[in-house]
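Q: Return atomic coordinates for the entry below.
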Amino acid sequence: MDRRHTIAEGVLACKSLTARYFPGFDDSNRTKQAPGLPNHLAWCLGHCALTMQRIAEKIDGTPISEHDFFLGGKKGDAARFGTETVSFGSGPVDDRALYPTLARCVDIYNAGCERLADAVLASADEKLDETIRWGAGQVSLQSAALRMVFHNGTHLGQIADLRRALGFRPVMT
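A: Predicted coordinates for the structure are as follows:
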């Protein structure tokens, strides 16, 4: 397996691994926050999806999906995230009207995984070797794509903490 397939496989595995943590969440509690914890489920899914879309855009040159995001939007709705409500530095709020339904949150997250995996698979090796500005530094597109697996895992840890705080049954028993 070459590096493109390895990265794509890791990104796609995020879909099923993350889905294990959805039981107990529904449309009434997808934006519920717990004291001392930073993010709610809807925000985590939208944030990860947006970040993957941004890396895919750097790889394939295709703009972020307006089917899933209000570009530059400070508000989302039942069908789309506002990019500014889930971007780096945004603050999640317990207002269900600002975020998509749980089913759409999951669909948008899964679409982000698929788009990034497709972009990596379709890219030339030379493209993956290109460096981009990301945060305070420079990284290769290969590294940026691979980091998304760990980024998703970081936010999945927040979802796991949130599940415990909300009294949900453990995922792994």
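Q: C-alpha from now on. contacts and neighbour counts both.
A: OK.
Q: Which strand or helix spans V139?
A: strand 137-140 (DSSP states H and E).
Q: got the buried residues for that strand?
A: Using 16 or more other C-alpha atoms under 10 Å as the burial criterion, the residues of strand 137-140 that qualify are 139-140.
Q: wait, what's in contact with the closest residue to H151 other than its chain neighbours?
A: Counting by C-alpha to C-alpha, 6 or more residues apart in numbering, C48 is the residue found nearest to H151 once chain neighbours are left out, at 7.4 Å. By C-alpha atoms under 8 Å, 6 or more residues apart in numbering, the contact list for C48 reads 109, 112, 148, 151-152, 155.
Q: repeat that with 10 Å
A: Going by C-alpha atoms under 10 Å, 6 or more residues apart in numbering, C48 touches 54, 86-88, 108-110, 112-113, 148-149, 151-156.
Q: Could you do R54 as well?
A: For R54, the contact set (C-alpha under 10 Å, 6+ apart) comprises 48, 61-65, 112, 116, 145.
Q: Which two of those residues have the greatest separation?
A: Largest separation among these by C-alpha to C-alpha: C48 and G61, giving 18.9 Å.
Q: where exactly do the strands run in the chain?
A: For the chain, the strands defined by DSSP state E occupy 69-70, 81-82, 131-134, 137-140.
Q: Mind listing the strands the last one pairs with, and their directions?
A: By that I understand strand 137-140. strand 131-134 (antiparallel) (DSSP bridges).
Q: chain center to the strand it pairs with: distance?
A: Here strand 131-134 is found 19 Å from its chain centre; the criterion is C-alpha atoms, centre = their mean, to the nearest Å.
Q: any idea of the mean pLDDT in that strand?
A: Strand 131-134 shows a mean pLDDT of 94.
Q: now do stretch 11-18
A: 98.
Q: Now that stretch: buried residues?
A: 11-12, 14-15, 18.
Q: so how far is it from its chain's centroid?
A: 11 Å.
Q: Show residues contacting that stretch.
A: So stretch 11-18 is contacted by 5, 7, 45, 52, 106-107, 109-118, 120, 145-150, 152-153, 155-157, 159-160 (C-alpha under 10 Å, 6+ apart).
Q: So which residues of this protein form helices?
A: 3-19, 41-60, 83-86, 102-122, 125-129, 141-165 (DSSP state H).
Q: Buried ones among the contacts of R54?
A: Buried subset of the contacts of R54 (neighbour count, 16+ other C-alpha under 10 Å): 48, 64-65, 112, 116, 145.
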